[in-house]
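Visitor: Provided below are the primary sequence and the corresponding predicted coordinates.
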Amino acid sequence: MITETPKPTIDSIKTPEFIALPNVETEISIAEILKEKRQNLKLSLSDVSAYLRVKEKDIISLENNEISRIAKYLYVPGLAHAYGKFLKIDEKIIEEKIKFLGIKQNTENKKHILINVGENTSLTPSKDMIFNFTMIFILLFLLMLSAYNSYEGSDNLTTNKNLISEFKNEF
C-alpha cells in the first residue's frame with residue numbers, strides 16, 4: 001500500500017533560524033591594530049622603518065591595508081610579524097589576522113627576483129659555460145698527468161736531483 005506524502009505548504013515549511021556570522025568588515029584588521037599600537041606608543045614612521053629596515057612607504061601601505069603597494073621583494077607576512085613583534089603585540093593575534101589578508105605563500109605569490117641583477121637578465125648556465133669547460137679541462141689534464149706519472153714510475157719524474165745530474169752531464 002502506497003501512501004502519498006502531503007505536499008508542503010508555505011505555512012508548514014519551517015524557516016531556519018538566522019545564524020550570525022562574524023562580519024569581517026567590522027572586525028579590526030591587522031593594519032588598524034599595527035597603526036593604533038604605533039600611535040599609542042608615540043613612535044614615528046621613521047623609527048619603525050629604521051628598525052625594520054624597510055621604506056616608510058611600505059610601512060604606510062601595510063598600515064593602510066594596501067598590500068599590493070608594498071615592494072615586490074618584501075614578504076608581507078614576515079613584515080607584519082616583525083612589525084608586530086617590534087610593537088610587542090601578541091604573536092597569536094598577528095597570526096590570526098594575517099590569515100584574513102588572503103596572501104598566498106611567497107613562492108606562489110611572487111616571482112623571485114635578484115635585487116642586484118636587472119629584471120631582464122636571465123641566469124642560465126650558458127653564461128658560465130666557458131669557465132666550466134676550462135675548469136673541467138684543467139682537472140682532466142691534472143688527473144691524466146698524475147695517472148701518467150704513476151704509470152711510468154718515479155724515475156721519469158723531474159726532480160731537483162735529476163735536473164742537477166742532467167745539468168752536470170751537459171757541461
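Guide: That came through, no problem. Just so you know, these numbers come straight off a predicted model, no measurement behind them.
Visitor: Tell me the first helix or strand C-terminal of the longest helix anywhere in the chain.
Guide: If you go by DSSP state H, the chain has its longest helix at helix 129-152. Next helix or strand after helix 129-152 toward the C-terminus (DSSP states H and E): helix 160-170.
Visitor: So for that next one, mean pLDDT?
Guide: Averaging pLDDT along helix 160-170 gives 75.
Visitor: before we move on, what about stretch 141-152?
Guide: The average pLDDT for stretch 141-152 rounds to 84.
Visitor: One more: stretch 83-102?
Guide: Across stretch 83-102, the per-residue pLDDT values average to 85.
Visitor: Would you mind pulling the contact partners of that stretch?
Guide: Residues outside stretch 83-102 that contact it (Cβ atoms under 8 Å, 6 or more residues apart in numbering): 24, 27, 29-30, 33-34, 37-38, 41, 43, 48, 51-52, 59, 62, 67, 76-77, 80-81. From N, CA and C alone the C-beta is placed, and that goes for glycine too.
Visitor: again, only using 6 Å
Guide: The contact list for stretch 83-102 (Cβ atoms under 6 Å, 6 or more residues apart in numbering) reads I30, L34, K37, Y51, P77, A80, H81.
Visitor: about what we covered before: dump the longest helix of the chain to PDB, keeping only the CA atoms.
Guide: Extracted as PDB, the C-alpha positions of helix 129-152 are listed here (Å, rounded to 0.1, in the frame of the first residue of the first chain):
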ATOM      1  CA  MET A 129      80.000  27.700 -20.000                       C
ATOM      2  CA  ILE A 130      83.500  28.800 -21.000                       C
ATOM      3  CA  PHE A 131      84.600  28.900 -17.300                       C
ATOM      4  CA  ASN A 132      83.100  25.400 -16.700                       C
ATOM      5  CA  PHE A 133      84.700  23.800 -19.700                       C
ATOM      6  CA  THR A 134      88.100  25.400 -18.800                       C
ATOM      7  CA  MET A 135      87.900  24.100 -15.200                       C
ATOM      8  CA  ILE A 136      86.900  20.600 -16.400                       C
ATOM      9  CA  PHE A 137      89.700  20.600 -18.900                       C
ATOM     10  CA  ILE A 138      92.300  21.600 -16.300                       C
ATOM     11  CA  LEU A 139      91.100  19.000 -13.900                       C
ATOM     12  CA  LEU A 140      91.100  16.300 -16.500                       C
ATOM     13  CA  PHE A 141      94.700  17.300 -17.600                       C
ATOM     14  CA  LEU A 142      95.900  17.200 -14.000                       C
ATOM     15  CA  LEU A 143      94.200  13.800 -13.400                       C
ATOM     16  CA  MET A 144      95.800  12.400 -16.600                       C
ATOM     17  CA  LEU A 145      99.200  13.800 -15.700                       C
ATOM     18  CA  SER A 146      99.200  12.200 -12.300                       C
ATOM     19  CA  ALA A 147      98.000   8.900 -13.800                       C
ATOM     20  CA  TYR A 148     100.800   9.000 -16.400                       C
ATOM     21  CA  ASN A 149     103.400   9.800 -13.800                       C
ATOM     22  CA  SER A 150     102.300   7.000 -11.500                       C
ATOM     23  CA  TYR A 151     102.200   4.600 -14.500                       C
ATOM     24  CA  GLU A 152     105.800   5.500 -15.700                       C
END
